[in-house]
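Asker: Could you look at this predicted model? Sequence included:
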Amino acid sequence: MTARERFLADVLDGLSSRPRTLPCKYLYDARGSELFEAICETDDYYVTRADLALHEAHLGRISELIGPEAHIIEFGSGAGIKTRKLLAGLERPRAYTPIEISAAALRASERELSAAFPDIEIRAVRADYTRPIAAEDLSLDPPARRRVVYFPGSTISNFEHQDATGFLERMGRIAGPEGGILIGVDLLKPVDRLIRAYDDSEGVTARFNLNLLIRLRSELNAELELDAFAHEARFNEPFRRIEMHLVARRDTAIRLGGKEFRLTAGESIHTENSHKYSAPDFKALAATAGLRSAEVWKDPAKLFSMHWLVP
Ligand code: AVI
């Protein structure tokens, strides 16, 4: 199956189901990734700034825990400022492996980090980190003293609990018995603050969400009226998560792949979940994956957390 066929099959599947859904991974084409970066710059989306402030506040202790000559394996491209801070703050890191599906992002990360850290072996792996990674892609000869899986930014929030457990288990296997996982997790907080972060006043998150419909038109030849949909951020109390929806402003239809999907006014297409965890909630989730949260840090404003998970 080609990537386009997979995309079409997933969209047909999601639009046929009730409630209607679209997988959040399709939010991140080149334009979507640009818009996500713009979201991180908005005043309302506090996550990225809080994550950075956390790194600044606790890097000394993080470095002490990780110790010298570690192999840092990042799930994601890692050219960002947090990775640089981490690598600069560690004691003689042995190697750094970014795992990233986008060849362009991976090349940029490899180029920039090799220039910034000439003494660290940079071993980029082009792969979808949500799927199993070949063991030989991660092995070093001789092996590093310890492996650390690094996953900042709270992307774990976008996984359903069951998938998050499976993903954490896989990270645990990669880190191994001597290793650890350094993972960013956005904290539960008052709903109005969360809604503002996912429906920012500049409208960037709205454009990010609506970009998914633009993709359906340009890549799958869908017929739809873009102005018939509005971005909405909702807090789902029982699931403790922010949900992004595309809500029909009026009765409308989407036609694609020989099918017609009729939406009545107010009906929504659910496009993303972002789960929010208190520190004990995330500890409990990690425990379901056989991992112990040995230390938790928060940024000075207590908006964001990072856990050090060990087997
Ligand atoms: C990538 N991820 C951690 C973001 C989040 O906060 O859940 C995605 C996002 N969606 C809308 N705004 C940000």
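Answerer: Done, it's in.
Asker: Let me know the helix or strand that the closest residue to R31 other than its chain neighbours is in.
Answerer: Spatial nearest neighbour of R31, chain neighbours left out: N211 (5.5 Å); criterion: Cβ to Cβ, 6 or more residues apart in numbering. Every residue, glycine included, has its C-beta placed from N, CA and C. In the assignment (DSSP states H and E), N211 maps to helix 204-220.
Asker: Name the residues of that helix that are buried.
Answerer: The neighbour-count check on helix 204-220 (16 or more other Cβ atoms under 10 Å) flags 204-216 as buried.
Asker: Does the ligand have contacts with it?
Answerer: Yes - under the criterion of Cβ under 6 Å from any ligand atom, the ligand is reached by helix 204-220 at T205.
Asker: Which strands and helices lie in contact with that helix?
Answerer: helix 3-16, helix 30-41, strand 229-236, strand 241-248, strand 252-256, strand 268-275 (3 or more Cβ pairs under 8 Å, 6 or more residues apart in numbering; DSSP states H and E).
Asker: how about these, which one is nearest the ligand?
Answerer: Nearest to the ligand, of all the helices and strands packed on helix 204-220, is strand 268-275, at 3.3 Å by Cβ to the nearest ligand atom.
Asker: Would you mind pulling the contact partners of the closest one?
Answerer: Residues outside strand 268-275 that contact it (Cβ atoms under 8 Å, 6 or more residues apart in numbering) are 14-15, 19-22, 24, 27, 154, 157-161, 164, 186, 198, 209, 212, 229, 232, 236, 239-248, 263.
Asker: How about the residues of this structure by the ligand?
Answerer: 39, 47, 153-155, 157-158, 198, 205, 272, 274.
Asker: The same query, at a cut-off of 8 Å, please.
Answerer: With Cβ under 8 Å from any ligand atom as the criterion, the chain meets the ligand at residues 24, 27, 36, 39-40, 45, 47, 153-155, 157-158, 186, 197-198, 205, 208-209, 242, 244, 272-274.
Asker: May I have the residues that are in contact with V47?
Answerer: 40, 153-154, 186, 197, 303-304.
Asker: got it, and A265?
Answerer: Going by Cβ under 8 Å, 6+ apart, the list of residues near A265 reads 248-251.
Asker: thought the residue nearest to R31 was touching Y26?
Answerer: No - with contact defined as Cβ atoms under 8 Å, N211 does not reach Y26; the gap is 9.5 Å.
Asker: any shared contact partners between those two?
Answerer: G32.
Asker: low pLDDT regions in this protein?
Answerer: Across the chain, residues meeting the criterion (pLDDT under 70) sit at 79.
Asker: so T21 bridges to which residues?
Answerer: For T21, the beta-bridge partners under DSSP bridges are H270.
Asker: Measure how buried it is and give me the count.
Answerer: Here the number of neighbours of T21 (other Cβ atoms under 10 Å) works out to 20.
Asker: Check whether it really touches D10, as I assumed.
Answerer: No - shown here, T21 and D10 do not form a contact pair, counting by Cβ under 8 Å, at 9.5 Å.
Asker: Pipe the helices and strands packed on helix 204-220 into TSV and attach distance to E91 and mean neighbour count per row.
Answerer: Shown next, in TSV, are those (distance: least, Cβ to Cβ, whole Å; neighbours: other Cβ atoms under 10 Å):
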stretch	distance to E91	mean neighbour count
helix 3-16	41	15
helix 30-41	29	16
strand 229-236	41	18
strand 241-248	37	21
strand 252-256	54	17
strand 268-275	34	21
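Asker: Including distance to D299, could these go into TSV?
Answerer: Output for the helices and strands packed on helix 204-220, formatted as TSV (distance: least, Cβ to Cβ, whole Å):
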stretch	distance to D299
helix 3-16	35
helix 30-41	15
strand 229-236	21
strand 241-248	19
strand 252-256	41
strand 268-275	17
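Asker: For L54, find the nearest of the ones you listed.
Answerer: Proximity to L54, assessed across these by Cβ to Cβ, is greatest for helix 30-41 (14.7 Å).
Asker: relative orientation of that closest one and helix 204-220 in degrees?
Answerer: Taking axes from the mean of the first three to the mean of the last three Cα atoms, to 10 degrees, one finds helix 30-41 and helix 204-220 inclined to each other by 170 degrees.
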